[in-house]
Each structure stands twice: as structure tokens, then as C-alpha cells.
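Student: here is a sequence with its predicted model. Questions after.
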Amino acid sequence: MTGTYLHNMDAKGRLFVPANFREELGTCFYVAVGANREADGQLYQYLNLYPMKEWSRLCEKLAELPSSKAAISDTFFANAFKCEPDSQNRVMIPQKLRAYANLEKEVAIVGNNNKAKIWNADIWKAKDDAALSGDRVADMMEMLGF
């Protein structure tokens with residue numbers, strides 16, 4: 001999945017799924033917490049949208065963890081939700097997940113290879129602007145072997 005789409009979430013927490021992602025996500029998919037820490041220490045929290053195929057792969061991977069590490073999946077699965085878009089192609093994002101990712105009215109839905117991410121639009125814009133510096137792009141291209 002690729003591209004960035006800005007959409008407004010309504011007061012009930014419903015979010016329109018962009019047409020470009022609907023086919024890849026399918027009629028049923030999962031929303032779950034996500035986070036990453038940048039090299040500068042900045043922590044970003046967002047939500048991931050997983051198509052069923054990717055969700056199944058992720059579940060298999062987590063099921064293979066030794067029991068000593070399996071507890072890390074408790075919070076992940078406890079806060080994951082199955083989504084089925086309504087007739088207007090909207091999905092309900094639970095309040096707990098909206099609070100986690102600091103989602104307010106405007107959100108950015110961003111393609112990320114085999115999944116999509118839902119970001120607070122202002123946080124995404126700042127992160128994306130910083131990432132588009134020449135040095136950061138050059139580092140990324142080098143890391144990818146280009």
C-alpha cells in the first residue's frame with residue numbers, strides 16, 4: 001500500500017477508508033496499536049491496519065514466540081479490533097485506540113507496504129516533512145541498497 005490520504009474522523013470515531021486501500025484491505029481487516037522510536041529518540045504512536053493475510057502472518061509469528069516472550073502480545077491482542085467497513089466505507093475506531101494514537105478530527109492514512117497506518121495528521125505532517133530532508137532520503141536510499 002502506498003500514498004497518503006487526509007480524512008476527517010467524525011464525532012463517533014468513524015473514518016472513511018480511501019478507495020486505494022479498500023481493495024488491498026478487503027472487506028474485513030484489523031486495526032491494532034503501533035509505535036516506533038526514531039534514531040533521535042522521538043517516539044511515535046499510530047494505528048496499523050492489517051489485511052487478513054497480514055494479520056494471519058502476524059498471529060503465526062507471535063504464536064511461535066517462546067512462552068517467556070509471549071506476554072508481549074497480551075497488550076497487542078487486547079487492543080486489536082476487527083473492522084468491517086459500513087455501506088459508506090467507514091470503520092469505527094474505538095475511543096481507546098483514538099486516544100492512544102492522539103487521533104482527533106483530521107487523520108492521515110498512510111500506505112506502508114503490506115499494511116496502512118493511521119496517524120494524527122499534524123504529527124504525520126511534521127514527521128514526513130523532517131523525513132524529506134536530503135540527508136534522510138539519502139540515508140534511506142543507501143539502507144535500501146540504491
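Tutor: Nice, thanks for sending it over. Numbering: from 1, shown residues only.
Student: neighbouring contacts of stretch 115-126?
Tutor: The contact list for stretch 115-126 (C-beta atoms under 8 Å, 6 or more residues apart in numbering) reads 1, 4, 6, 15, 21, 25, 31, 34, 44, 46-51, 54, 93, 101-104, 106-110, 127. Heads up, the C-betas are built off the backbone N, CA and C, glycines and all.
Student: and it, which residues are buried?
Tutor: For stretch 115-126, burial by neighbour count (16 or more other C-beta atoms under 10 Å) applies to 115-121, 123-124.
Student: can you pull out the helices in this protein?
Tutor: Assigned by DSSP state H, the helices in the chain fall at 19-25, 52-63, 67-70, 72-78, 95-100, 121-131, 134-143.
Student: Serialize the buried residues of stretch 115-126 to JSON lines and add fields for distance to residue 68.
Tutor: Output for these, formatted as JSON lines (distance: C-beta to C-beta, whole Å):
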{"residue": "115", "distance to residue 68": "27"}
{"residue": "116", "distance to residue 68": "32"}
{"residue": "117", "distance to residue 68": "29"}
{"residue": "118", "distance to residue 68": "32"}
{"residue": "119", "distance to residue 68": "33"}
{"residue": "120", "distance to residue 68": "35"}
{"residue": "121", "distance to residue 68": "39"}
{"residue": "123", "distance to residue 68": "34"}
{"residue": "124", "distance to residue 68": "36"}
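Student: which secondary structure elements does the helix or strand bottoming out on mean pLDDT in the chain sit against?
Tutor: One helix or strand of the chain scores below all others by mean pLDDT, DSSP states H and E: helix 134-143, with a mean of 70. On a contact count with 3 or more C-beta pairs under 8 Å, 6 or more residues apart in numbering; DSSP states H and E, helix 134-143 meets helix 121-131.
Student: now the angle from the helix it packs on to helix 134-143?
Tutor: 80 degrees (axes from the mean of the first three to the mean of the last three C-alpha atoms, to 10 degrees).
Student: quick one: helix 121-131 to chain centroid distance?
Tutor: Going by C-alpha atoms, centre = their mean, to the nearest Å, the spacing between the C-alpha centre of helix 121-131 and its chain's C-alpha centre is 15 Å.
Student: what is the mean pLDDT for it?
Tutor: Per-residue pLDDT over helix 121-131 has a mean of 88.
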